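1. 3D model of this:
(chains A and B)
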There are 2 protein chains.
Amino acid sequence: MRISELAAATDVPVHTLKFYLREGVLHPGLATARTRAVYDDSHVQRVRLVRALVEHGGLSLDAVRRVVATLEAPPPSRHELLGAAAATLAAPEDQGPPQPEVKALLGRLGWSACDDGPPAVALGRALHACRAAGVPVDEDRLDGYAAAMRSVAALDLDLVEDAGSPEEAVRTVVVGTTLLDPVLVALRRLAQEAESHERG
Amino acid sequence: MRISELAAATDVPVHTLKFYLREGVLHPGLATARTRAVYDDSHVQRVRLVRALVEHGGLSLDAVRRVVATLEAPPPSRHELLGAAAATLAAPEDQGPPQPEVKALLGRLGWSACDDGPPAVALGRALHACRAAGVPVDEDRLDGYAAAMRSVAALDLDLVEDAGSPEEAVRTVVVGTTLLDPVLVALRRLAQEAESHERG
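-> Numbers count the residues shown, from 1 in each chain, chains lettered A, B, ... in the order given. Model prediction:
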């Protein structure tokens, strides 16, 4: 397809596509003449990924470039590919020291996850805020919430495994990370309403 | 206790406590002299609630006054009390038309919850955003996520039932609504990491 068709297929203006090409986040098309090139489905996928990263992930162009670099020299396992995608989404302020409370949780549940990565630091902070507000989360409750979120994560990973390409897998992780959180939060409110109604 | 002791017990300055008294969100103490009053544990609880509403719920003083009015003339059932507390937390932009997709979900699951309240509207919007980003959530996945959030809601409601007073129950709802979301989001990320590691 020509660049105007790529624009129509992705709903992204031609001048933005040219910008992506110049910035190296979109790979060049196959040149058919000095000023012409054709594009294929891999370009459609890439443009959708870049849009998802920028619009929904709030990523800078530098961060997008890191994700794209990961895709172009993919790590040997899908696990590492997803870890690299997740890492590019983390905010710099989410780095911090090991979280003893999180380490204890991971130990109780037998989970292989970092106790000093961005999610661990975010969890440590969120638990601290609950305590400060007078509603501490005790170990049993935390384990219960963790078990529920593990079943959420299993659904998340199923979707990633169903992805047809590494590109689609990364887009799924990025979009799922940023856009499924509000779905879950809204479902929690509805579930509270239903549960409360049932208990009377 | 005297007002200075109430300040020490709640970590809220005396001038802020006097402001809460003037604004009617903190009930008066028992007058012991023309310019003196004593306060008890009900005041400590109330101040903690007001702080949670303002700091963590981001509520305006008007909204706090509505929550306090709900507490002072509590609805007959705990279910209605919680509904009233949840309603004060909803943003005006979260009102909207009935959501057919949410109605269908509630029907499939047999949940008693509004299909046009703030959580339903938020869910409808979040699902639309996922579709627009090229990662639609199909019915099976949505039902799976909903089941996981129902077990989260059951834990939420247990905590509310354990609350010693209506005031504590409302504080738990408000703080739980605003501060537990980040806990769950962080747990989801850790669970993804653990799940991904296990699948290899």
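2. residue A:31 belongs to a strand?
-> Yes: with DSSP: H, G, I helix; E, B strand; the rest coil as the criterion, residue A:31 is part of a strand.
3. and the helices in chain A?
-> Under the criterion DSSP state H, chain A contains helices at A:3-10, A:14-23, A:41-51, A:61-72, A:78-89, A:100-109, A:118-132, A:139-162, A:166-199.
4. which of those has the lowest average pLDDT?
-> Ranked by mean pLDDT, these bottom out at helix A:78-89, with a mean of 71.
5. quick check: chain neighbours aside, which residue is closest to residue A:12?
-> Spatial nearest neighbour of residue A:12, excluding adjacent residues (C-beta to C-beta, 6 or more residues apart in numbering or on different chains): residue A:47 at 5.6 Å. (Glycine included, C-beta is placed from N, CA and C.)
6. next up, the contacts around the one you found.
-> Shown in contact with residue A:47 (C-beta atoms under 8 Å, 6 or more residues apart in numbering or on different chains): A:6, A:10, A:12, A:17, A:20, A:26.
7. tell me the phi and psi of residue A:12?
-> Backbone geometry at residue A:12, expressed as degrees, to the nearest 10, gives phi -120, psi 130.
8. quick check, it in contact with residue A:49.
-> No: using C-beta atoms under 8 Å, residue A:12 is not in contact with residue A:49; the gap is 11.7 Å.
9. looking only at neighbour counts, state which of these two leads.
-> The residue with more neighbours, out of residue A:12 and residue A:49, is residue A:49; 26 against 19, by other C-beta atoms under 10 Å in any protein chain shown.
10. residue A:46 versus the residue nearest to that one when sequence neighbours are not counted, what's the distance?
-> Computed as C-beta to C-beta, 6+ apart, the closest residue to residue A:49 that is not its neighbour in sequence is residue A:171, at 4.5 Å. Distance, residue A:171 to residue A:46, using C-beta to C-beta, to the nearest Å: 9 Å.
11. more neighbours, the two?
-> residue A:171 (28 against 21).
12. tally of neighbours for residue A:79?
-> 17.
13. test my guess that it contacts residue B:197.
-> Yes: with contact defined as C-beta under 8 Å, residue A:79 counts as touching residue B:197 (6.3 Å).
14. mutual contacts of these two, please.
-> Taking C-beta under 8 Å, 6+ apart as the contact rule, residue A:79 and residue B:197 have no neighbour in common.
15. winner for burial among the helices of chain A?
-> Neighbour counts (mean count of other C-beta atoms under 10 Å in any protein chain shown) averaged over each of the helices of chain A peak at helix A:166-199, with a mean of 22.
16. chain center to it, what's the gap?
-> 13 Å (C-alpha atoms, centre = their mean, to the nearest Å).
17. tilt between that helix and helix B:139-162?
-> For helix A:166-199 against helix B:139-162, the angle between stretch directions is 40 degrees (axes from the mean of the first three to the mean of the last three C-alpha atoms, to 10 degrees).
18. now residue A:192, nearest residue through space, not along the chain?
-> residue B:153 (4.4 Å).
19. my guess is that neighbour contacts residue A:188. True?
-> Yes: using C-beta under 8 Å, residue B:153 makes contact with residue A:188 at a distance of 6.1 Å.
20. quick check: residue A:127 touching residue B:183?
-> Yes: look at residue A:127 against residue B:183 with C-beta under 8 Å: they come within range, at 6.3 Å.
21. okay, and the common contacts of the two?
-> The overlap between the contact sets of residue A:127 and residue B:183 (C-beta under 8 Å, 6+ apart) consists of A:137, A:142.
22. so how far is residue A:180 from the residue most central in space within chain A?
-> Geometric centre of chain A, nearest residue: residue A:174, 2.6 Å, by C-alpha atoms, centre = their mean. If you measure residue A:174 against residue A:180 using C-beta to C-beta, the figure is 11 Å.
23. what's the answer for residue A:116, then?
-> Taking C-beta to C-beta, one finds residue A:116 at 25 Å from residue A:180.
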